[in-house]
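Visitor: fold the stuff below for me.
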Amino acid sequence: MIPGWKIKREAHRLLDQIASIPRKILEMSDRKRYDAERWEKISVTEGRGAPGDKFAIFLIYQPGPLPGSVLETCEYFCRHDYNIVLVSNGTLPDASRERLNACCRYILERPNFGYDFGGYRDGIHFLLGKAVSPSDLVILNDSIWFPMVAGSAVLPRIESLQSDIGGLLMSPRRIGKLRKVTRLLSRRKPPFEFLESYFIHLRRPIWESTAFRDYWQTYEQSSSKAVTVKKGELGFSQAMAAAGFSLDALLRRDLFIEDIRKRPESFLDKTLKYAAYSDAPFREAAKDLASGKGGAELCERKRAHVIAVALRRRVNSSFCWATEEIFATHFIKKHNGFLFQKSREKYIEAVDAGDIVVDAPAALEEIRQRVARDKK
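Guide: From the prediction side, this is the model:
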């Protein structure tokens, strides 16, 4: 007999698919109309270029006054001789455009359709139309504060990765209930990992490859965030991996766990001091460990706790201090989720204690303001 929970789950899945049909039909029309009119509706402002043929497509959504952190990001890429193609989802205020024009090769202001991957697509097609073939291309968006250290070596380190495509963070594929059941039944394939799409780097051979061009030529932008994640963030990594390209990132969960296995108790104590939790069991377990007394046995319990959390939650958000110490990736997510909120609180605590060094004044002030707002 089929379990009741499975029948209920599949019923919900079917209802969701039926409910999405009208949206899919409407979006087919929206995409066709958008592509027919897009270069008439996309405003292009030409600014100052950088020497060389490195390019960064920087997607932002900033309908209000321009945050100083956006300029800090642009200035960082300019210092590394990148030509910035800034793509704005929506029209920029005149003051913002004027400030950005000093450090951007091109500014594209487009209708706010398709989230970040819709903007990435237009930026890539724009460069293709200009017959540009970048030696290095970074695709990024303003869903992160980056870099939190002005002289960060993150960009050269990503450029030096041996993989075909690199980034800041590799994440395990999100696993729904059905995939969990499938994994229990079959251990043949390891979990798929994807590059988080707020920072992706690639070189000219990938840019000129058929797989890369085909992906962006056939990508169907959507006003659904879930569809954008599935076909964009996950879909890009899947398409590039299927084409035989290797993917890697500075920060990976397996590397974090490998490092934690070697660390002394003093490192584990500080890791727990600045740990963020989104669920009570892990939070209460951390309190017990902090108040406990013992030798090697307690140390190994702390290590096991950190690894257990890392296997089930986002490493960089759960352990902001430890990931910065290990990987020095110098970025913070702007996501509104509870874990991200708590992580930003701990990050500020570590900065104020002198345990994390930051020299991005605009970004730091924005994080402080976000933390204060989240606490209300």
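
Visitor: CA atoms for contacts and neighbours, from now on please.
Guide: Will do.

Visitor: domain assignment for this protein?
Guide: Following automatic domain parsing, one gets these domains for the chain: 42-250, 253-375.

Visitor: I'd like the distance between E365 and Y198.
Guide: With the distance defined as CA to CA, to the nearest Å, E365 ends up 21 Å from Y198.

Visitor: which one's more surrounded, the two?
Guide: Y198 (21 against 13; other CA atoms under 10 Å).

Visitor: against L26, how distant is the more buried one?
Guide: 28 Å.

Visitor: ranking the domains of the chain by mean pLDDT, which is last?
Guide: Note on those: lowest mean pLDDT is at domain 42-250, with a mean of 93.

Visitor: picking up where we left off before, with distance to D30 added, can I get the domains of the chain in a markdown table?
Guide: Formatted as a markdown table, these follow (distance: least, CA to CA, whole Å):
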| stretch | distance to D30 |
| --- | --- |
| domain 42-250 | 9 |
| domain 253-375 | 28 |
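
Visitor: can you tell which of the ones you listed is closest to D35?
Guide: For the domains of the chain, proximity to D35 was assessed by CA to CA; domain 42-250 is nearest, at 9.7 Å.

Visitor: end-to-end on that closest one?
Guide: Start-to-end span of domain 42-250 (CA to CA) is 34 Å.

Visitor: so how far is that domain from its chain's centroid?
Guide: In terms of CA atoms, centre = their mean, to the nearest Å, the centre of domain 42-250 is found 9 Å from the chain centre.

Visitor: over to stretch 347-357?
Guide: Stretch 347-357 has its C-alpha centroid displaced from the chain centroid by 22 Å (CA atoms, centre = their mean).

Visitor: send the alpha carbons of that stretch over as CSV?
Guide: Below are the C-alpha coordinates for stretch 347-357, written out as CSV (Å, rounded to 0.1, in the frame of the first residue of the first chain):
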residue,chain,number,x,y,z
TYR,A,347,29.9,38.8,11.9
ILE,A,348,29.5,42.2,13.4
GLU,A,349,30.3,40.8,16.9
ALA,A,350,33.5,39.3,15.4
VAL,A,351,34.4,42.6,13.7
ASP,A,352,33.8,44.6,16.8
ALA,A,353,36.0,42.2,18.8
GLY,A,354,38.8,42.5,16.3
ASP,A,355,38.5,38.9,15.3
ILE,A,356,37.5,39.7,11.7
VAL,A,357,39.3,42.6,9.9
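
Visitor: now stretch 102-121 - C-alpha only, CSV.
Guide: Backbone C-alpha positions of stretch 102-121 (Å, rounded to 0.1, in the frame of the first residue of the first chain) are rendered in CSV as follows:
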residue,chain,number,x,y,z
ALA,A,102,33.1,57.0,-13.7
CYS,A,103,34.1,53.4,-13.2
CYS,A,104,32.0,51.4,-15.6
ARG,A,105,32.7,50.7,-19.3
TYR,A,106,29.0,50.3,-20.1
ILE,A,107,25.8,50.8,-18.1
LEU,A,108,22.8,48.8,-19.3
GLU,A,109,19.4,49.8,-17.8
ARG,A,110,16.8,47.1,-18.7
PRO,A,111,13.2,46.3,-17.8
ASN,A,112,13.1,44.3,-14.5
PHE,A,113,12.3,41.0,-16.0
GLY,A,114,14.0,37.6,-15.3
TYR,A,115,15.9,38.4,-12.1
ASP,A,116,19.7,38.1,-12.1
PHE,A,117,19.9,35.6,-14.9
GLY,A,118,17.7,37.8,-17.2
GLY,A,119,20.3,40.6,-16.6
TYR,A,120,23.2,38.2,-17.1
ARG,A,121,21.7,37.1,-20.4
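
Visitor: count of neighbours near the nearest residue to A275 once chain neighbours are set aside?
Guide: Nearest residue to A275 in three dimensions, chain neighbours excluded: F319, at 4.8 Å (CA to CA, 6 or more residues apart in numbering). Neighbour count for F319, taken as other CA under 10 Å: 25.

Visitor: S222 now?
Guide: By the criterion of other CA under 10 Å, S222 has 23 neighbours.

Visitor: and G354, by the same measure?
Guide: G354 has 10 neighbours, counted by other CA under 10 Å.

Visitor: K302 should be in a helix, yeah?
Guide: Yes. Assessed with DSSP: H, G, I helix; E, B strand; the rest coil, K302 lies in a helix.

Visitor: in the stretch 1-150 of the chain, which spans are helices?
Guide: Using DSSP state H, counting those that start in this stretch, the helices found in the stretch 1-150 of the chain span residues 4-41, 68-79, 94-101, 115-129.

Visitor: by contact count, what packs against the last one?
Guide: Right, helix 115-129. Packed against helix 115-129 by the contact rule (3 or more CA pairs under 8 Å, 6 or more residues apart in numbering; DSSP states H and E) you find strand 54-60, strand 82-89, helix 225-228.

Visitor: P361: which of the ones you listed is closest?
Guide: strand 54-60 (19.5 Å).

Visitor: all strands of this structure, in order?
Guide: For the chain, the strands defined by DSSP state E cover 43-46, 54-60, 82-89, 106-110, 136-141, 144-145, 165-172, 193-195, 199-203, 247-251, 332-333.
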